[in-house]
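Asks: please work out how this folds:
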Amino acid sequence: MRLFFVLTNPFFVIIFASKTPVVMIERFIQYIETEKRYSALTVKAYRRDMDRFALYMKEAYEVRDLTEVNTLLVRSFLVYLKDEGLSNRSINRMISTLKTFYKYCLREGLVRKSPMTGVRNLKLPKNLVKFVPESDINKVSFENCDDYTIKRDELLFEILYQTGIRKAELIGLKDVDVDDVESRIKVLGKRNKERFIPIGSELLRMISHYQALRDASFEVHADRLLLNDKGEEMTPYFVYNKVHQILEEVTSLRQKSPHVLRHTFATHLLDEGASLLAIQKLLGHTELATTQVYAHNTIEQLKKIHQQAHPKGN
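Replies: Residues are numbered from 1 along each chain as shown. This next block holds a predicted model:
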């Protein structure tokens, strides 16, 4: 803790300016929450990363003031993470956290130069995104009855597949976000960015029918479009579990999560001729490069088709 004396008339005022890791990290977290408006999940991950970084600096080098960390110490920390068995993807996320933290320190005048200068991300294997084949999607079926939970599960699945929205975006949907005049839904994405996604008349009909069943089932319920079995807001685990159960019945794909349906939405659109730019806007990606992974996916599919179908494909 550093002690500063400021002379005033007629008294001395003692001002404490703390640079302990706990205080610095807390201020940083407040910054990304209030000013950068990062999502709750991202904030949680950043806090976990910073706590791990601070602990390492304290135990390995007895460095308690994170503004005194240099590039060599950062590289030592990354090597330590690699030795601990972390994947390149996880280490890259840590690098991203530290870059954001020291950019904040530069802004606040706490450091003159970021120790992250020259620190580059590790190379990642070019794994293709996983998606559910259209033939498997067509196998999904629900009992034809007016049961609230069945209609809720069906609508949950169809919204994810037909719009490609994220799990958190699905949970946050409200009735007012459904525009049956313009045939679209309003989605509040990362960093509170709004986007509109068109939906078909059949999905609108499903939404309307479900809303009637929901309101008849719960006299008072949470202000959300989709609810759990008790009329409350769904949890991320609840949504994951529902999607997993549905996909378990139709596909052998190892990953059976809501995010796989997001990949499936994008891949199927691209296969049918949609442009990457259009898919980027629908998914809410800031950078087109993020969306281009689906193009690589389609190219690999074309290669397989060529090898199987062409006389000299092999």
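Asks: only C-alpha atoms from now on, for both contacts and neighbour counts.
Replies: OK.
Asks: separation between Leu122 and Gly109?
Replies: Leu122 sits 29 Å away from Gly109, going by Cα to Cα, to the nearest Å.
Asks: more crowded one of these two?
Replies: Neighbour count, other Cα atoms under 10 Å: between Leu122 and Gly109, Leu122 has more, with 13 against 10.
Asks: now for Leu227, how many residues are close by?
Replies: Neighbour tally, Leu227, other Cα under 10 Å: 21.
Asks: same check on Leu277?
Replies: Leu277: 14 neighbours (other Cα under 10 Å).
Asks: ok, it - contacts?
Replies: Contact analysis of Leu277 by Cα atoms under 8 Å, 6 or more residues apart in numbering lists Leu288.
Asks: name the helix or strand for it, please.
Replies: Here Leu277, judged by DSSP states H and E, is contained in helix 276-283.
Asks: chain center to that helix: distance?
Replies: 16 Å (Cα atoms, centre = their mean, to the nearest Å).
Asks: what's around Gly164, how many residues?
Replies: 25.
Asks: how far away is it from Asp179?
Replies: 17 Å.
Asks: re earlier: could you point out which element follows the helix holding Leu277?
Replies: Next along the chain after helix 276-283, taking DSSP H and E as the criterion, comes helix 288-291.
Asks: what's that following helix in contact with?
Replies: Residues contacting helix 288-291 (Cα under 8 Å, 6+ apart): 276-277, 279-280, 285.
Asks: what comes up buried for it?
Replies: Thr291 (16 or more other Cα atoms under 10 Å).
Asks: any idea of the mean pLDDT for that helix?
Replies: Averaging pLDDT along helix 288-291 gives 82.
Asks: need the helices for the stretch 201-314 of the chain, in chain order.
Replies: If DSSP state H, counting those that start in this stretch is used as the criterion, the helices of the stretch 201-314 of the chain fall at 201-217, 236-248, 258-271, 276-283, 288-291, 293-309.
Asks: redo those helices as CSV? Include distance to Lys230.
Replies: Formatted as CSV, the helices of the stretch 201-314 of the chain follow (distance: least, Cα to Cα, whole Å):
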stretch, distance to Lys230
helix 201-217, 9
helix 236-248, 12
helix 258-271, 21
helix 276-283, 30
helix 288-291, 37
helix 293-309, 38
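Asks: highest average neighbour count across those helices?
Replies: Neighbour counts (mean count of other Cα atoms under 10 Å) averaged over each of the helices of the stretch 201-314 of the chain peak at helix 258-271, with a mean of 22.
Asks: average pLDDT for that one?
Replies: Rounded mean pLDDT across helix 258-271 is 93.
Asks: tell me the helices and strands packed up against it.
Replies: Counting contacts by 3 or more Cα pairs under 8 Å, 6 or more residues apart in numbering; DSSP states H and E, helix 258-271 is packed against helix 148-163, helix 236-248, helix 276-283, helix 293-309.
Asks: who does the helix or strand hosting Ile197 pair up with?
Replies: Assigning secondary structure by DSSP H and E places Ile197 in strand 194-198. Taking DSSP bridges as the criterion, strand 194-198 forms sheet pairs with strand 184-188 (antiparallel).
Asks: buried ones in the strand it pairs with?
Replies: Buried, per 16+ other Cα under 10 Å, within strand 184-188: 184-188.
Asks: adding distance to Tyr46, write these out as TSV.
Replies: TSV is the format used below for those (distance: Cα to Cα, whole Å):
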residue	distance to Tyr46
Arg184	34
Ile185	31
Lys186	28
Val187	25
Leu188	22
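Asks: so which of the residues you listed comes closest to Tyr294?
Replies: Nearest to Tyr294 among these: Val187, at 21.7 Å, using Cα to Cα.
Asks: that closest one pairs with what?
Replies: Bridge pairing for Val187 - DSSP bridges - gives Arg195.
Asks: so it sits against Leu173, correct?
Replies: Yes - contact status for Val187 versus Leu173: in contact at 7.0 Å, counting by Cα atoms under 8 Å.
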